[in-house]
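S.K.: A predicted structure for the sequence below; I have some questions about it.
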Amino acid sequence: MENNNKKIVTRFAPSPTGFMHVGSVRTALYAYLWARKNNGTFILRIEDTDKEREVAGSISHIIKSLKLLGIDWDEGPDIGGPNAPYTQSERLGSYLKYAKILIEKGLAYADPYTEEEVEAFRKKAEEEKKPFLYRDHRPENPPLWDGTKPLRLKLKEIKSYEWEDLARGHLKAGPEALDDFILIKSDGFPTYNFAHIIDDLEMGITHIVRADEFISSTPKFLSVYEALEIKRPEFITLPPIMGPDGKKKLGKRDGAKDVLEYLKDGYLPEAMINFLAFIGWNPGDEREVMTKEELINAFNIKGIHISGGKFNEEKLDWINKEHIKKLSQEELKNHIFEWLPKELQIEKIIPIISERISKFGDIKDMLEKGELDFFYKEPEYTKDKLVYKNTPIDVISSNLQLVENLLNDLSKLDFTKENIKTILMGIADKAESRGEVLHPVRFALSGLDKSPDPFILAEILGKEETISRINKAISRLREL
RNA sequence: GGCCCUAUCGUCUAACGGUUAGGACGUAUCCUUCUCAAGGAUAAAAUCCGGGUCCGAUUCCCGGUAGGGUCACCA
């Protein structure tokens, strides 16, 4: 696909303003997949140039989230690398260096206005229903930049831009998208618009993966590449992820959850990755359940969509369930036991649970609803619950007696669900309906209207407990 | 308001300009089953609207409509 031999270098560059929501994760994932697919380099860079919005603990939260998801990087703030440092607040020297180049070229100038004055310009533009353009107010003789005022780019030429995006194809923008925007803020920190360009240059980034909210500022970036006379990386612009209502772009305010929340709910990291990869991309065949390795192999830019997709939790549940099915017995056991109290950590309970959950957090619900209590606690029930349709009570109780006798004849070793099934079905098939035998037995064992079949229940409970519960049922039935 | 992006079943999507418009999730029904779950099968369900190009448009072009993004000393 690539016609040059240059090593692919991508990056994920979050700002530490809070948790990682699923949209950010997808952006990280695509950059990661593209790098891995090409045996390239994936860099994690922290864009902490906005001290106001910075949230303490975000960086470690981001690192933790990515690690848990299995998205690993080759260079980053925690592990260093040849292009260190990887945190923008530690790279101020670089930004200053390039800012000075622009000043010398006469392509940057100090902004003499106060914040209030600029704000007034903006208000006025808004009232006139016009886009705000600082360049309409460009000062005649700006003062020398001493670092206390914002430094702005001086546009050489106001023009329209057209460019190619690897995922989007041909894009364009009118001259309104271009402005003398701020390169360096009055606090000495660069803006994203400037900083990311310098960092990408110095780190040798070949492909920028980002979401489509950056399309409209791309002309600004292009004007900086031009002013600096540097080659730009390739752009790979991702479609938006829409919220469940299908309207707004999924954002933190609109219910975009912390990706860690999903992991805490017992979604498998690989399922999360699989699901997120498929919002905005597909391999071009009909595969839908894929491992990380399969995603890496299949990933291509051609398969990236241009229209937005919704975050559909039902599909996530299904994909997660498919991934649960692919787990080894040992992995499945470890996951399930994590959620179970000691007394329920029984090997034989595993298939019963795994068939009934789409994520491991569902086990918590099952426990809360008491759906698993009967495994370690004799159920409470009344006679009427044991009755099956119109079957007379004495028929039910004599059937139960028969069941009890035959089960008693089984040795403890032969007390398997297959043998139990043979016995129960033997009796059931002779009855008016199978239900008049199977229902009371199942209910005697579980005390639930809905439960797994009586054969597996009996096996798990064991011979002694099974017989004791059937006995209890018989005496309940004989109560007046 | 300016600029930009987008538009196929409810949802995620597939379809060199020629297909009975395919798949998946979800839904419904049936089978399997005492119940639940799992499994199997079947069904309903879509090309936003209007022009144009073409022998032929989901596909290309234009317009409309709708949705989204953006217009910060945020990223």
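M.R.: Perfect, thanks for sending it. Treat the numbers as computed from the prediction; the structure is a model and nothing was measured.
S.K.: next, count neighbours for A:Ile8.
M.R.: 19 (other Cβ atoms under 10 Å). Where C-beta positions appear, they are placed from N, C-alpha and C, glycine not excepted.
S.K.: now do the same contact list for it.
M.R.: A:2, A:34-35, A:38-41, A:206-207 (Cβ atoms under 8 Å, 6 or more residues apart in numbering).
S.K.: check the gap between it and RNA strand B for me.
M.R.: Using Cβ to the nearest atom of the strand, to the nearest Å, A:Ile8 is found at 22 Å from RNA strand B.
S.K.: contact partners for the residue lying closest to that residue once chain neighbours are set aside?
M.R.: Sequence neighbours aside, A:Gly40 is the residue nearest to A:Ile8 in space, at 3.1 Å (criterion: Cβ to Cβ, 6 or more residues apart in numbering). Residues near A:Gly40 by Cβ under 8 Å, 6+ apart: A:7-10, A:34, A:206.
S.K.: just the buried residues out of the contacts of A:Ile8, in ChimeraX syntax.
M.R.: In ChimeraX syntax, the buried subset of the contacts of A:Ile8 is picked out as below (16 or more other Cβ atoms under 10 Å):
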select /A:34,35,38,40,41,206,207
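S.K.: so of the contacts of A:Ile8, which ones are in strands?
M.R.: Counting by DSSP state E, these place A:41, A:207 in strands.
S.K.: export the contacts of A:Ile8 to a markdown table and append columns for distance to RNA strand B and pLDDT.
M.R.: As requested, the contacts of A:Ile8 are arranged in a markdown table below (distance: Cβ to the nearest atom of the strand, whole Å; pLDDT from 0 to 100):
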| residue | distance to RNA strand B | pLDDT |
| --- | --- | --- |
| A:Glu2 | 21 | 43 |
| A:Trp34 | 17 | 97 |
| A:Ala35 | 19 | 97 |
| A:Asn38 | 21 | 96 |
| A:Asn39 | 26 | 96 |
| A:Gly40 | 22 | 97 |
| A:Thr41 | 20 | 98 |
| A:Thr206 | 19 | 97 |
| A:His207 | 17 | 97 |
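S.K.: for the stretch 201-350 of chain A, which residues are neighbours of RNA strand B?
M.R.: A:212-217, A:239-240, A:242, A:246-249, A:251, A:278-280, A:282, A:284, A:286, A:288, A:303, A:305-310, A:312, A:314-315, A:317-318 (Cβ under 7 Å from any atom of the strand).
S.K.: how about the residue lying closest to A:Trp339 once chain neighbours are set aside, what does it touch?
M.R.: With sequence-adjacent residues excluded and distances taken as Cβ to Cβ, 6+ apart, A:Trp339 is closest to A:Ile363, at 4.0 Å. Going by Cβ under 8 Å, 6+ apart, A:Ile363 touches A:266, A:336, A:339-340, A:353, A:357.
S.K.: among the contacts of A:Gly40, which two are most distant?
M.R.: A:Lys7 and A:Trp34 (12.2 Å; Cβ to Cβ).
S.K.: for A:Phe42, give the beta-bridge partners.
M.R.: A:Thr10 (DSSP bridges).
S.K.: is it correct that A:Thr87 is in contact with A:Leu44?
M.R.: No: contact criterion Cβ atoms under 8 Å: A:Thr87 and A:Leu44 do not qualify, at 9.9 Å.
S.K.: what's the overlap in contacts for the two?
M.R.: A:Pro77.
S.K.: neighbour-wise, which of those two wins?
M.R.: Ranked by neighbour count (other Cβ under 10 Å), A:Thr87 and A:Leu44 place A:Leu44 first, with 27 against 17.
S.K.: did I read that right, A:Asn471 in a helix?
M.R.: Yes: with DSSP: H, G, I helix; E, B strand; the rest coil as the criterion, A:Asn471 is part of a helix.
S.K.: what's the neighbour count on it?
M.R.: Neighbour number of A:Asn471 under other Cβ under 10 Å is 14.
S.K.: check A:Pro131 too.
M.R.: A:Pro131 has 13 nearby residues by other Cβ under 10 Å.
S.K.: and the residues of the stretch 201-350 of chain A next to RNA strand B, which of them are buried?
M.R.: By 16+ other Cβ under 10 Å, those give A:212, A:214-215, A:217, A:239-240, A:242, A:249, A:278-280, A:282, A:308-309, A:317-318 as buried.
S.K.: quick one: which helix or strand includes A:Phe235?
M.R.: According to DSSP states H and E, A:Phe235 maps onto strand A:234-238.
S.K.: partners of that strand in the sheet?
M.R.: strand A:207-211 (parallel).
S.K.: who's in contact with A:Phe132?
M.R.: Contacts of A:Phe132 by Cβ under 8 Å, 6+ apart are A:121-122, A:125-126.
S.K.: check it and give its pLDDT.
M.R.: Note for A:Phe132: predicted pLDDT of 94.
S.K.: just the strands in the stretch 51-200 of chain A please.
M.R.: Listed in chain order, the strands of the stretch 51-200 of chain A (DSSP state E, counting those that start in this stretch) span A:108-110, A:151-153, A:161-165, A:169-173, A:182-184.
S.K.: what's the closest of the buried ones among the residues of the stretch 201-350 of chain A next to RNA strand B to A:Leu344?
M.R.: Using Cβ to Cβ, these come closest to A:Leu344 at A:Asp317, 23.0 Å.
S.K.: tell me the bridge partners for A:His170.
M.R.: A:Glu164.
S.K.: report pLDDT for it.
M.R.: Reading off the model, A:His170 has pLDDT 92.
S.K.: for the one 4 residues further on, same thing?
M.R.: For A:Gly174, the model assigns a pLDDT of 92.
S.K.: likewise for the one 3 residues further on?
M.R.: Looking at A:Ala177, its pLDDT is 94.
S.K.: A:Gly255 now?
M.R.: As predicted, A:Gly255 sits at a pLDDT of 66.
S.K.: flag every residue of the stretch 1-150 of chain A that's near RNA strand B.
M.R.: A:13-15, A:17, A:47, A:49-50, A:52-53, A:111, A:113-115, A:118, A:122, A:125, A:129-134, A:149-150.
S.K.: who touches A:Ser328 in this structure?
M.R.: Counted by Cβ under 8 Å, 6+ apart, A:Ser328 has zero contacts.
S.K.: look up how far RNA strand B lies from it.
M.R.: Taken as Cβ to the nearest atom of the strand, the span from A:Ser328 to RNA strand B is 17 Å.
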